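Participant: Structure, please.
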Amino acid sequence: MKRHNLFKLVLVLALALSVGAGVSRAQDLQERIDKAVPGEIVSLEPGTFLGPISLREGVILSGAGSGVTFLDGQGAAAAIEGAPDSVISGLTVSNASVGIRNGGHRIAVISCEFRDNPVSAVYAGGGECVLVDNLVRGPGRIGFQVSAAAVLVANNTVLDKEIGLQFWQAPLGLVANNILAGNQAGVRFETEPRPTEFSNNDFWANSLDLYSGQSAPGNLYLDPELTADFDLSETSPLRGAGIPIAGVPFELTFRVGCDPTRELTGEECASLLEALRELVLSWSGVLTYTLTDEPGVFGVSVAQAAPDFRIVSSAAGTAISEVEAFDRVSDADLDSRVLETDPAGVEVEGKGWESYPREKERYVMDSTFSRPASLLLTEAGLLRFRRQTNMRRIRIVPPPGWETVSCFPEARMGEAGLELENSPGEMIEIDLLLRPAGD
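Facilitator: Next up is the predicted model:
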């Protein structure tokens, strides 16, 4: 079974808290977690540890390997509750309704085994979740349950569940190189659209591959030839059948399914969280503010990957006019309407939008916003732009003849103007000062 030396960075290992072998009470383990600081490793030696437990922000819970270090949830709702940027690796998690819940945060679950979790192995509800190189087996309702979360689900093996993978309102995700075998249904998409990238997963001996009864083009239908240890046999057709995935080690993606012998380093785990962040950013919509030298008037453009979206002004008293929505590729018009609310908004919809291909920044809404307090000329002759947004990718195009004095949050100069990154998608306030060029 798996044996892990999760983080090999000397500086990080110097912070590691080692917990001894044997059976440890939940209180003992929780106390060690509570003392850890972000970036610190709580290392679990071989043995059984009692849950449930709750992680702290940025803490890494690292077992000695699945089948070696066990976390018993003692019948709790969840054996492990995640925290922002926490990592769980090298454990066998069992005996809880749900093995791990992400709590709406960004977490990573790597190289773990799940047994005897009757509801699901992992529940990702909101937030973001990395699920890589895990083994889920034995009776139970769902392997991985994803609800309104962005996910990277790669190189897992899910066996003998009612539903292997289940997605609800989860259009943003990469799902590839997984084995789904012996399940009543391999994958269930409760809502459309499906994750942005869903390919090269192996379906075998499921009663239904997709719950809907449809086929899954772009995927595999090969006998994985699993060994008694749930590894691929030497003759398995899935050896060498994997596809490369940004952030996932090549040695792992060379195959399909989990690798019970693979050890992930600290750098590799960090790269997985970064890969998910980049995935979310790349598929997120882009908000562009085009400023004018006329106080109070500025252009607002939003480009999304699907033709069905709504934007709402962040400030009351904003007037919206000159709205146009279109498909950037075909130049076809999209339906759009101004929402007569305060704050006002715009709703965009493509007729039969479910059949539209998803493509980054393809579907565009252009408009003009008017609000004197958002763009004004100061007594010193500076142009000040202030606006709130929760969009993850933001561009600001200054009017011709003006240059930046200051910008908060910090922005970098790109080809089309200033560019800001708001990875968490939280509400931020932009405060930009411009002056006439040459002053």
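Participant: so where do the helices sit in this protein?
Facilitator: When assigned using DSSP state H, the helices of the chain occupy the ranges 10-13, 26-35, 250-253, 266-283.
Participant: for the ones you listed, which one ends up most surrounded?
Facilitator: The highest mean neighbour count among these, using mean count of other CB atoms under 10 Å, belongs to helix 266-283: a mean of 19. (Glycine included, C-beta is placed from N, CA and C.)
Participant: Residues touching that one, excluding its own?
Facilitator: 6-9, 12, 60, 85, 87, 89, 106, 108, 110, 128-130, 132, 150-152, 172-174, 196, 245-249, 305, 360, 392-393, 421, 423 (CB atoms under 8 Å, 6 or more residues apart in numbering).
Participant: What's the ChimeraX syntax to select whichever of those are buried?
Facilitator: To isolate the buried subset of the contacts of helix 266-283 in ChimeraX, counting by 16 or more other CB atoms under 10 Å, use the following:
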select :6,7,12,60,85,87,89,106,108,110,128,129,130,132,150,151,152,172,173,174,196,245,247,248,249,305,392,393
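Participant: Just the contacts of helix 266-283: which are in strands?
Facilitator: 60, 87, 89, 106, 108, 110, 128-130, 132, 150-152, 173-174, 393, 421 (DSSP state E).
Participant: follow-up on the earlier one: so which of the helices of the chain is nearest Gly438?
Facilitator: helix 266-283 (35.0 Å; CB to CB).
Participant: What's the mean pLDDT across that closest one?
Facilitator: For helix 266-283, mean pLDDT is 88.
Participant: ok, now stretch 150-159?
Facilitator: Here the average pLDDT along stretch 150-159 is 97.
Participant: which one's the longest strand in the chain?
Facilitator: Per DSSP E, the chain has its longest strand at strand 69-81.
Participant: and it, which strands flank it?
Facilitator: Strand 69-81 has the following sheet partners, assigned by DSSP bridges: strand 47-50 (parallel), strand 53-54 (parallel), strand 92-101 (parallel).
Participant: May I see the buried residues of that strand?
Facilitator: Result for strand 69-81 [16+ other CB under 10 Å]: buried residues Thr69, Phe70, Leu71, Asp72, Gly73, Ala76, Ala78, Ala79, Ile80, Glu81.
Participant: I'd like those laid out as TSV, including distance to Leu159 and pLDDT.
Facilitator: Formatted as TSV, these follow (distance: CB to CB, whole Å; pLDDT from 0 to 100):
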residue	distance to Leu159	pLDDT
Thr69	21	95
Phe70	19	96
Leu71	20	97
Asp72	21	97
Gly73	20	97
Ala76	24	98
Ala78	22	98
Ala79	19	98
Ile80	21	98
Glu81	25	98
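Participant: Closest to Trp168 out of the residues you listed?
Facilitator: Ala78 (18.2 Å).
Participant: so the closest one makes contact with Asn102?
Facilitator: No - contact criterion CB atoms under 8 Å: Ala78 and Asn102 do not qualify, at 9.9 Å.
Participant: Find residues that contact each of these two.
Facilitator: With CB under 8 Å, 6+ apart as the test, Ala78 and Asn102 both reach Tyr123.
Participant: Name the residues that touch stretch 431-438?
Facilitator: By CB under 8 Å, 6+ apart, stretch 431-438 touches 291, 381-386, 396, 398-399, 401-408, 411, 418.
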